[in-house]
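Chemist: Here is a sequence together with a model predicted from it:
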Amino acid sequence: MTTDHTDDAAPNGPAGGTAATAGEPMAAEERSASRPAFREAGPEPGFVETLLADIEWSGGPVDVADDHDPEGWRSKRLEPKRLLTCLTHLGFYSTVLYRVSRWCSRRGLTVVAAPIQMVNHSLTGAEISHRAEIGPGLRICHPSGVFVGPHVKLGFRSTLNQGTAVSSNIDISDGTPVVGNYLYMSPGAKIMGKLTIGDRVWVGPNSVALRDIEDDKVVLGVPGRAMPPTFRMP
């Protein structure tokens, strides 16, 4: 699978098929299978290898041989062309500042992590909690209005556009989203509340996911409805 990293490029819309209500409960095995693979593999990867994965995913098209491979995010080498592309995009700086704040937070340096989070918000417009757990390969196309709340878990190779939010719904004590790999959020998309989102899910423009979504689905509407995938993932 070849990914197209043109800014704001959205996958082709679904054609045909009957919409399945997103509110249908997931079986236990489906819920388990949809959880991010990087969570099952052990502790969070190291700072350097995570950042290399961010550069690879953010720096241009990537040939994905197997999007079910839990180790598929690993970058084999740093390509100068990809690094140069990243350095000319504001969203990459949002990612780097988040990674630094997360590194500090994991080591109990909240007094350092919190100010870095605020600097990120002030400079780039993205508010990404240092208590959020985001897998390697984070791509932020346009950081303005991006919000990722505390305790949110995102898998590897996630793509966020402007005005997207992943957070609790009313109060953080009510629970936060757990999201799989290869998430694509179009401008204005939201994932909110205690729910599980599977792998390779596209949340369409201004759509709001409020309930569990299985793997390989398109989420459209408010509240979001899960539809069959008939598009190429970005």
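Modeler: Cool, got the structure.

Chemist: and Val112, that one's in a helix?
Modeler: Yes. According to DSSP: H, G, I helix; E, B strand; the rest coil, Val112 belongs to a helix.

Chemist: wait, what's in contact with it?
Modeler: Listed by Cβ atoms under 8 Å, 6 or more residues apart in numbering, the contact set of Val112 reads Ser101, Cys104. Yep, even glycine has a C-beta here, placed from its N, CA and C like the rest.

Chemist: and with 10 Å instead?
Modeler: Val112 sits next to Val100, Ser101, Trp103, Cys104, Ser105, His130 when contact means Cβ atoms under 10 Å, 6 or more residues apart in numbering.

Chemist: What is the burial count for the closest residue in space to the first one that isn't next to it in sequence?
Modeler: What it means is Val100. Spatial nearest neighbour of Val100, chain neighbours left out: Ile116 (5.6 Å); criterion: Cβ to Cβ, 6 or more residues apart in numbering. Using other Cβ atoms under 10 Å, Ile116 is surrounded by 20 other residues.

Chemist: swap in Val111?
Modeler: Counted with other Cβ under 10 Å, Val111 comes out at 8.

Chemist: Kindly state the pLDDT recorded for it?
Modeler: Looking at Val111, its pLDDT reads 97.

Chemist: Gly155 too?
Modeler: Gly155 is given a pLDDT of 93.

Chemist: Doesn't the residue nearest to Val100 lie inside a helix?
Modeler: Yes. Assessed by three-state DSSP, Ile116 belongs to a helix.
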